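*Asks:* Just a sequence and a predicted model for now, questions to come.
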Amino acid sequence: MKAYFITGTDTGVGKTMVTGAIAAALAAMGLSVGVLKPCESGCDEKDGGLVPADAVFLRSMAGCGDSLDDICPYRLRTPLAPGVAAQREGIIIDPARIKALFAASCSRHDIVLIEGAGGLLVPVTDRLLTIDLVKQLGIPLIIVGRLSLGAVNHMLLTVREAQRAGVEIAGIILNHAAQEQGLAEQTNPDVICRFTDAQLLGAMPFVPASDRGDKQALAELACRHLSLSLFA
């Protein structure tokens, strides 16, 4: 069994899409893929309940039969960091519950991908940051960053914080979150690799919003643009 925690350098870097693409590719290889999105904020209400859109997407891409309650135990209405949203909504996030669901998922699947909310220093509770949860789970980290101006700073800060905390970095992935490509997008990968020894697993091309639900297309993009030998 393998497991990886996938974090972003910031919010909106395409972390969910990248995680889904990896899950779809691994499932196409014949692996049983488990996914977890322990906390999801900004959920819309439907039929009297909160719908975790990211968790629904990940489950679909992985072809995973686990219940949404097992994949996403904490659904929050307010579009804020989970720890902040939970406090405002009177919800207590229990890391022990997250760890128990992770262990159960590991027992059912060949590989488990856990997607965090935002970056490493996002609060999960009033006393626990995402980096603390990663350390408690004891699994390697994959960092997803946006290919754009500012990407070098954000990626290197995230890498150094993970290293400072003693968390293993399995690799970094860059994502074309916008269609426009300029000098920053062209030079980011080389500059980032020059200043860190973290393995670059590849760069995902821009995927229009209308195509992000296409499981086969995302799997093919992941196979073409990412080094998946780490996962298989």
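*Replies:* Yes, it's here. Numbering: from 1, shown residues only.

*Asks:* quick one: terminal-to-terminal distance for stretch 135-148?
*Replies:* Distance between the boundary residues of stretch 135-148 (C-alpha to C-alpha, to the nearest Å) amounts to 29 Å.

*Asks:* Could you list the buried residues of that stretch?
*Replies:* Of the residues in stretch 135-148, 135, 137, 139-148 count as buried by neighbour count, 16 or more other C-beta atoms under 10 Å. Where C-beta positions appear, they are placed from N, C-alpha and C, glycine not excepted.

*Asks:* and if you look at stretch 72-86?
*Replies:* With the criterion 16+ other C-beta under 10 Å, stretch 72-86 contains buried residues 72-76, 80-86.

*Asks:* how about the closest residue to residue 11 other than its chain neighbours, secondary structure?
*Replies:* Using C-beta to C-beta, 6 or more residues apart in numbering and skipping the chain neighbours, the partner closest in space to residue 11 is residue 118 (4.7 Å). The assignment at residue 118 comes out as coil when based on DSSP: H, G, I helix; E, B strand; the rest coil.

*Asks:* burial count for residue 213?
*Replies:* Burial measure for residue 213: 12 neighbouring residues, criterion other C-beta atoms under 10 Å.

*Asks:* neighbouring contacts of the worst-scoring helix or strand of the chain on mean pLDDT?
*Replies:* Ranking every helix and strand in the chain by mean pLDDT, DSSP states H and E puts helix 183-195 at the bottom, with a mean of 92. Residues outside helix 183-195 that contact it (C-beta atoms under 8 Å, 6 or more residues apart in numbering) are 145, 147-152, 155-156, 172, 174, 176, 200, 203.

*Asks:* Can you give the distance from that helix to the centre of its chain?
*Replies:* Taking the mean C-alpha point of helix 183-195 and that of its whole chain, the gap between them comes to 22 Å (C-alpha atoms, centre = their mean, to the nearest Å).

*Asks:* now do stretch 218-232
*Replies:* Taking mean C-alpha positions (C-alpha atoms, centre = their mean), stretch 218-232 and its chain are 15 Å apart.

*Asks:* Show me the contact partners of that stretch.
*Replies:* Contacts to stretch 218-232, defined as C-beta under 8 Å, 6+ apart, come from residues 2, 4, 17-18, 20-22, 24-29, 31, 61, 111, 170-171, 173, 199, 201-205, 207, 212.

*Asks:* still on that earlier bit, list the buried residues in the least confident helix or strand of the chain.
*Replies:* 185, 188-189, 192.

*Asks:* Distance-wise, check residue 69 relative to residue 99.
*Replies:* Residue 69 sits 16 Å away from residue 99 when distances are taken as C-beta to C-beta, to the nearest Å.
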